[in-house]
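Participant: pasting the structure only:
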């Protein structure tokens with residue numbers, strides 16, 4: 001946004017913002033662009049500072065931050081354990097199982113890793 005202010009000032013074009021009822025002469029546009037850039041950076045810094053302080057307050061209260069460890073414990077396939085076990089025991093590949101349940105291969109591999117009993121034929 002700010003670059004175009006410098007560019008139009010090179011062509012000696014005055015800027016008029018009708019809706020805001022503002023007008024700027026071309027020779028002042030580089031100064032305005034610099035001011036806007038500084039204001040934008042200051043705004044970003046203030047947002048960052050506010051977020052940082054909010055996180056510090058939560059941490060001080062003992063609230064755990066970030067994604068919980070093992071947060072994907074409820075995998076998409078959890079409701080289909082018996083069917084997946086039957087498919088695996090009958091020799092269907094994990095890739096085919098992923099296609100059948102419309103999930104990626106990694107989801108099937110993670111499911112089997114979390115539920116090793118489905119590979120062993122144990123009762124669920």
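Facilitator: That came through, no problem. These figures come from a predicted structure and were not determined experimentally. Residues are numbered from 1 along each chain as shown.
Participant: quick one: low-confidence ranges for the protein?
Facilitator: 1-2, 68-75, 121-124 (pLDDT under 70).
Participant: how does it divide into domains?
Facilitator: As given by automatic domain parsing, the domain ranges for the chain are 2-60, 78-120.
Participant: After the longest helix anywhere in the chain, heading C-terminal, what element do we hit next?
Facilitator: For the chain, the longest helix by residue count, based on DSSP state H, is helix 29-60. Later in the chain than helix 29-60, the nearest helix or strand by DSSP states H and E is helix 81-89.
Participant: need the contact list for the closest residue to residue 55 other than its chain neighbours.
Facilitator: Leaving aside its sequence neighbours, residue 55 sits nearest to residue 65 (CB to CB, 6 or more residues apart in numbering; 6.2 Å). The C-beta positions use only the backbone N, C-alpha and C, and glycine is treated the same way. Residue 65 is in contact with 55, 58-59, counting by CB atoms under 8 Å, 6 or more residues apart in numbering.
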